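**Student:** Model the following, please.
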Amino acid sequence: MSAEIILKPVKIVKLFKALNASDNLDKIRARELWEETDQGSESVVAVLDSGVQVDHPSLKDNIIDGYNFTDDDEGNPIIYQDYLGHGTHVSGIIAAVDNGRGITGVAPKSKLLILKVINHKGRGSFEDLIKAIMYAVDWTGPNGEKVNIMNMSLGSPEPHEELYRAIKYARSKGIVLVSRCR
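**Tutor:** Residues are numbered from 1 along each chain as shown. Prediction:
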């Protein structure tokens, strides 16, 4: 049996009830950098996760493109809908716009490249994850944009040499990688 990557969703409802969402940006001092960074307006973040709610009112204007690497929706590459909610949650933390509803992301003017590598069962393959990393490195947006940052909130209980090489390749191209700790 080949190794797989796993998404283990956690219950976050209690955490959000305990925190005042409007204070979170201040707690991590994100607003202090907004003037200098124009709220991430020059950034494209590749989110390698379970997809995204494509019509989400706080995200839809910041989704620049996407690709489905899973078997969800019969493997249709242009359907990267999130059936777990995790990819949408992560995307919101990154780039939710300040529309007076819900949270505001740390970089609300950044663009999101949604790369769905986790299916509706919370599972994915190293092969698809590596393909998604290479896709993000090679991707060019409609106005010549390139990925600056890659986020992967997933994990596996074992190392994978080819994944390590793909990550090193992305770094060699100047992409900053952010990943969950296991």
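
**Student:** Show me the helices in the protein, by range?
**Tutor:** 13-18, 21-27, 31-37, 86-95, 126-138, 161-172 (DSSP state H).

**Student:** Check the ones you listed for me and report the most buried one.
**Tutor:** helix 86-95 (a mean of 24; mean count of other CB atoms under 10 Å). In short, each C-beta sits where N, CA and C put it, glycine included.

**Student:** residues in contact with Ile28?
**Tutor:** Val106 (CB atoms under 8 Å, 6 or more residues apart in numbering).

**Student:** Report the separation between it and Ile114.
**Tutor:** Separation of Ile28 from Ile114 (CB to CB, to the nearest Å): 23 Å.

**Student:** and what of Gly155?
**Tutor:** 19 Å.

**Student:** which of the two has more neighbours?
**Tutor:** Ile114 (26 against 13; other CB atoms under 10 Å).

**Student:** isn't the more buried one right next to Gly87, touching?
**Tutor:** Yes: taking CB atoms under 8 Å as the definition, Ile114 is a contact partner of Gly87 at 6.9 Å.

**Student:** residues shared between the contacts of the two?
**Tutor:** Residues touching both Ile114 and Gly87 (CB under 8 Å, 6+ apart): 47, 49, 51-52.

**Student:** In CSV: these, plus distance to Ile5, neighbour count and pLDDT.
**Tutor:** CSV is the format used below for the shared contacts of Ile114 and Gly87 (distance: CB to CB, whole Å; neighbours: other CB atoms under 10 Å; pLDDT from 0 to 100):
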residue, distance to Ile5, neighbour count, pLDDT
Val47, 15, 31, 98
Asp49, 11, 27, 95
Gly51, 14, 30, 97
Val52, 18, 28, 97
